[in-house]
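J.: Can you look at this prediction? I've put the sequence above it.
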Amino acid sequence: MSVSIDWLAFLQVFVAALVGAAAIVTFYALGLRLLVRSGHAPVVSPAEFTDAITVISDKELKRAEKQAAKAAKKSPLTEGQKKFALVGAYACFAMCAAAVVAGILLIVVGH
């Protein structure tokens, strides 16, 4: 019994996976950057686990929220530019979601 590997097909799958992963990471990073530039910095509240482990304290959360609000006020962008950055951020996140859904459909449907 002999196993034959189609190396060209293997290379195509490898390159497609590499390009797809890089595109998703790039769009996500760009979306986060635009989200921060629009003045909507994501602040994560403390996460509490079963053993009462807190990721950040309430004091640290308030300080982070205060710094985010201060940074949003100091932004050199106009309101129109901020809205454009916010729309761009949502578009980048939509591209990430579309790429993930397309990948799942390729796996499930197989075409």
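T.: Now that the structure is in, tell me what you want to look at.

J.: Quick one: residues contacting residue 17.
T.: For residue 17, the contact set (C-beta atoms under 8 Å, 6 or more residues apart in numbering) is empty. Quick note: C-beta positions are derived from backbone N, CA and C, even for glycine.

J.: separation between residue 59 and residue 33?
T.: According to C-beta to C-beta, to the nearest Å, residue 59 and residue 33 sit 28 Å apart.

J.: Looking only at neighbour counts, state which of these two leads.
T.: Per other C-beta atoms under 10 Å, whichever of residue 59 and residue 33 has more neighbours is residue 33, with 14 against 8.

J.: low-confidence ranges in this structure?
T.: Within the chain, the stretches with pLDDT under 70 are 43-55, 72, 75, 111.

J.: could you redo the last one with a cut-off of 90?
T.: For the chain, residues meeting the criterion pLDDT under 90 lie at 1-5, 36-79, 82, 103, 106-107, 110-111.

J.: Can you show me the strands along it?
T.: Assigned by DSSP state E, the chain shows no strands.

J.: Number of residues surrounding the nearest residue to residue 92 once chain neighbours are set aside?
T.: Using C-beta to C-beta, 6 or more residues apart in numbering and skipping residues adjacent in sequence, the residue nearest residue 92 is residue 31, 3.2 Å away. By other C-beta under 10 Å, 19 other residues sit near residue 31.

J.: Let the chain start at 36 from now.
T.: All right, first residue 36 from here; so that's residue 66.

J.: which residues touch residue 120?
T.: 69, 70, 72, 73, 112.

J.: how does it look with 7 Å?
T.: By C-beta atoms under 7 Å, 6 or more residues apart in numbering, the contact set of residue 120 is 69, 72, 73, 112.

J.: What is the burial count for the last one?
T.: Counted with other C-beta under 10 Å, the burial measure for residue 112 works out to 14 neighbours.

J.: Kindly provide the distance from it to residue 118.
T.: Per C-beta to C-beta, residue 112 is found 9 Å from residue 118.

J.: try residue 128
T.: Distance from residue 128 to residue 118, by C-beta to C-beta: 16 Å.

J.: So between these two, which is more surrounded?
T.: Using other C-beta under 10 Å, the more surrounded residue of residue 128 and residue 118 is residue 128, with 17 against 13.

J.: Noted, bye for now.
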